[in-house]
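# Any chance you could fold what I've pasted below:
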Amino acid sequence: MECPLKIMREIKGDSRDDLAHKFRVNHTTVFRWEKNVMMPSAENFLEISVYLEMSVEKAIRMWIEWSESEKGESVIQIINS
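Down below sits the predicted model:
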């Protein structure tokens, strides 16, 4: 399963540099989000939800589901450890 942000980015024809500029982060940060190395901040989730054209709650839920499927572990387990 691919990162929801990467899928939408490719549909919209944006590069990682384009998103980095929109979200005011380094292009390496966008790469890390898409590779499930790090999660966006709360502020970034607000911007990502607008970009994905969905509510913040739905964007976070979708991101967590994707993250769990990629890493094979629950984000809740990580938070609680």
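# which regions of the chain sit below the pLDDT cut-off?
Scanning the chain with the threshold set as pLDDT under 70 gives 70-81.
# Give the closest residue to Lys58 in space, chain neighbours not counted.
Ser49 (7.4 Å; Cβ to Cβ, 6 or more residues apart in numbering). Any C-beta I mention is one placed from the backbone N, CA and C, and that applies to glycine too.
# swap in Leu19?
Val30 is the one closest to Leu19 (Cβ to Cβ, 6+ apart), at 4.8 Å.
# Secondary structure element holding the one you found?
Element membership of Val30, judged by DSSP states H and E, is helix 27-34.
# just Met38 next, same as before
Applying DSSP H and E, one finds Met38 in no helix or strand.
# thinking it is in contact with Val30, fair?
No: in this structure, Met38 is not within contact of Val30 by Cβ atoms under 8 Å, at 10.4 Å.
# Which of those two has more residues huddled nearby?
Val30 (26 against 10; other Cβ atoms under 10 Å).
# All the helices of the chain, in order from the start?
4-12, 16-23, 27-34, 42-52, 56-71, 75-80 (DSSP state H).
# got the CA coordinates for stretch 45-63 in CSV?
Extracted as CSV, the C-alpha positions of stretch 45-63 are listed here (Å, rounded to 0.1, in the frame of the first residue of the first chain):
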residue,chain,number,x,y,z
PHE,A,45,-1.5,17.3,9.4
LEU,A,46,-3.7,20.3,9.1
GLU,A,47,-2.0,21.3,5.8
ILE,A,48,-2.0,17.7,4.6
SER,A,49,-5.7,17.3,5.2
VAL,A,50,-6.4,20.3,3.0
TYR,A,51,-4.1,18.9,0.3
LEU,A,52,-5.8,15.5,0.5
GLU,A,53,-9.2,17.3,0.5
MET,A,54,-10.5,15.7,3.6
SER,A,55,-11.1,16.4,7.3
VAL,A,56,-8.1,16.3,9.6
GLU,A,57,-9.6,13.4,11.5
LYS,A,58,-10.0,11.4,8.4
ALA,A,59,-6.5,12.2,7.2
ILE,A,60,-5.0,11.2,10.5
ARG,A,61,-7.0,8.0,10.7
MET,A,62,-6.0,7.1,7.1
TRP,A,63,-2.3,7.9,7.8
